[in-house]
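Novice: Here's my sequence, what's the structure:
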Amino acid sequence: LRWYRNVAGRLDSTAMMPSAKPEIPCAKQGSPLPSSSISFGMTLVMAIACGVAAANIYYNQPMLGIREAAFPGQVTVIGLVPTTTQLGFAAGLLLLVPLGDRFDRRRLILIQLAALTLSLAAAALAPDAWSLVVASALVGGTSSVAQQIVPFAAELAEPSRRGATIGTVMSGLLCGILFGRVLGGAVGDHYGWRATFWLGLLLAVAVGLLLAAVLPRSRPKTQEGYGALLKSLAILWREEPELRRATIIQGCLFGSFSALWTILALQLDARYHLSAEIAGLFGIIGAVGVLFAPIAGKIADRRGPHIVIGLGSVIMLTSWVVFEVWGMIAGLIIGVILLDFGEQGALVSNQHVIYALRWDARNRLNTIFMGGMFVGGAVGSAGASLAWQFAGWAAVCTFGAALVAIALGLHACARVAEKRSPPSARGPTAENRW
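Specialist: All right, here's what the predicted structure looks like:
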């Protein structure tokens, strides 16, 4: 018996030694406890920082006319500003966010916020249209710091409160998206387009100081080089079916969400003869849906995220029925609230799922997930534009509902397949991997 214990002890020690073969460690074998407990105050600061960072991507959209007047004869170049900002964000998501798994997240967040302030200063001081285009790309890339903060919050949260924490932080990010356009338009109208970037710079400095005061340091999760980090994105996509499913589902849901906001101003003008300014006010109405994000996170903590994903999809499907059947302004208001409720609830819960997969690769998981989501948004916007040209509002409603139906079908098929499989073949799920 003594000999057996000695041999078993040596085998256990050998099994714990690092492998010479580079791999992505898997959280299925047990994830570490949070390095620091996250307080409500820290969560609130992280939520505000996410909103401030995300708003920079959308400041420029309502100021196109103002900038065209400021740079006469360069209308085509100025029209590139929103596109280059989005492309810059996509590049930051792909090239910068994975670094959070390799370096101290606190230091990386502060460096990226410092770079954001410099980019905003460059945009505010741009002497010509092309300089503004280049600065806008830099603003978009450095604004991806918001996607560094979300997985950091997930890491710091206790497992039993992780969904609620993600929901609160995402509420800040979504408020930044919704109010960024409103703030950019209001400041641009009254004080000029350069003042909007100066305001963004001051806000970035303020949240940077707050984050420096409250964020703890974090340990690197991997020692892989930069090239290996980027290559591992394909490995994660191939090896994690739940990541693929969550990304595709959220891509469809965000595509449906984007379809509405792409066409809403056109529908308000064509059907109700209301201006684009009124369409912007619908963004404030949509902020009511943001309140559902923390609630969805709490439900996901208690009942599991898959229930909330299914419920959110059903709510979104209902919203498109309301849009089609209730042909009044009140119907649009109710539909917008329902659509935002469902989309935000599903988003937070899908993030709950992916962050449970591999604790050491949360930033890279976030890169894949958010990248797929924004691709879905682009498809939704393009499809909605084609549907509007083809058959108007009815076609847009059908298209938006179809995207939600695809997401709901994928989710339902996955749940049915899991229930039919024997318990021994299911493996750990997002609810019990903690």
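Novice: Could I get the full set of helices for the stretch 51-200 of the chain?
Specialist: Counting by DSSP state H, counting those that start in this stretch, one finds helices in the stretch 51-200 of the chain at the ranges 64-70, 75-78, 80-95, 105-124, 129-142, 146-156, 162-191, 193-214.
Novice: Tell me which of those helices sits most buried.
Specialist: Neighbour counts (mean count of other CB atoms under 10 Å) averaged over each of the helices of the stretch 51-200 of the chain peak at helix 146-156, with a mean of 25. In short, each C-beta sits where N, CA and C put it, glycine included.
Novice: Would you mind pulling up the elements that that one packs against?
Specialist: helix 40-58, helix 105-124, helix 162-191, helix 329-355, helix 362-420 (3 or more CB pairs under 8 Å, 6 or more residues apart in numbering; DSSP states H and E).
Novice: by how many degrees do it and helix 329-355 diverge?
Specialist: Following axes from the mean of the first three to the mean of the last three CA atoms, to 10 degrees, one obtains 60 degrees for the angle between helix 146-156 and helix 329-355.
Novice: Rounded mean pLDDT for helix 146-156, please.
Specialist: Mean pLDDT, helix 146-156: 92.
Novice: C-alpha coordinates for it, PDB please?
Specialist: Output of helix 146-156 as PDB, limited to C-alpha atoms (Å, rounded to 0.1, in the frame of the first residue of the first chain):
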ATOM      1  CA  ALA A 146     -13.900  48.600 -23.900                       C
ATOM      2  CA  GLN A 147     -13.500  45.000 -24.900                       C
ATOM      3  CA  GLN A 148     -10.400  44.700 -22.600                       C
ATOM      4  CA  ILE A 149     -12.500  45.900 -19.700                       C
ATOM      5  CA  VAL A 150     -15.400  43.400 -20.000                       C
ATOM      6  CA  PRO A 151     -13.400  40.200 -19.700                       C
ATOM      7  CA  PHE A 152     -11.400  41.800 -16.900                       C
ATOM      8  CA  ALA A 153     -14.600  42.300 -15.000                       C
ATOM      9  CA  ALA A 154     -15.600  38.700 -15.600                       C
ATOM     10  CA  GLU A 155     -12.300  37.600 -14.200                       C
ATOM     11  CA  LEU A 156     -12.600  39.700 -11.100                       C
END
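Novice: before we move on, which element is Lys231 in?
Specialist: Using DSSP states H and E, Lys231 falls within helix 226-239.
Novice: Give the buried residues for the helix or strand that that helix is followed by.
Specialist: Later in the chain than helix 226-239, the nearest helix or strand by DSSP H and E is helix 241-272. Residues 242-268 are the ones in helix 241-272 that count as buried (16 or more other CB atoms under 10 Å).
Novice: What is the neighbour count of the residue lying closest to Asn56 once chain neighbours are set aside?
Specialist: When the adjacent residues along the chain are set aside, Asn56 lies closest to Ser143, with 4.6 Å between them (CB to CB, 6 or more residues apart in numbering). Neighbours of Ser143 under the rule other CB atoms under 10 Å: 30.
Novice: show me the contacts for Ser143.
Specialist: Applying CB atoms under 8 Å, 6 or more residues apart in numbering, we find Ser143 in contact with 53-54, 56-57, 88-89, 92, 116.
Novice: I'd like those residues laid out as TSV, including distance to Ala417 and pLDDT.
Specialist: Shown next, in TSV, are the contacts of Ser143 (distance: CB to CB, whole Å; pLDDT from 0 to 100):
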residue	distance to Ala417	pLDDT
Ala53	38	95
Ala54	35	92
Asn56	42	92
Ile57	37	88
Gly88	39	89
Phe89	35	90
Gly92	36	93
Leu116	43	97
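Novice: quick one: which of those residues is nearest Pro305?
Specialist: Ala54 (22.5 Å; CB to CB).
Novice: Roughly how far does that closest one sit from Ala293?
Specialist: 14 Å (CB to CB, to the nearest Å).
Novice: low-confidence ranges in the chain?
Specialist: 1-37, 275-277, 279-280, 422-434 (pLDDT under 70).
Novice: For the closest residue to Trp237 other than its chain neighbours, give its distance to Ala346.
Specialist: With sequence-adjacent residues excluded and distances taken as CB to CB, 6+ apart, Trp237 is closest to Ile368, at 5.9 Å. Look at Ile368 and Ala346: by CB to CB, they are 17 Å apart.
Novice: sorry, back to before: which one of the helices and strands packed on helix 146-156 lies closest to Arg217?
Specialist: helix 105-124 (5.2 Å).
Novice: packing partners for the closest one?
Specialist: Helices and strands touching helix 105-124, as assessed by 3+ CB pairs under 8 Å, 6+ apart, comprise helix 40-58, helix 129-142, helix 146-156, helix 193-214.
Novice: what angle sits between that helix and helix 362-420?
Specialist: Angle, helix 105-124 to helix 362-420, by the same axes, to 10 degrees: 110 degrees.
Novice: contacts for helix 105-124?
Specialist: 49, 53, 56, 96, 99-100, 131-132, 134-136, 138-139, 141-145, 148-149, 151-152, 155, 194, 197-198, 200-201, 204-205, 207-208, 211-212, 215-218, 363.
Novice: now it against helix 193-214, angle please.
Specialist: Using the same axes, to 10 degrees: helix 105-124 against helix 193-214 is 170 degrees.
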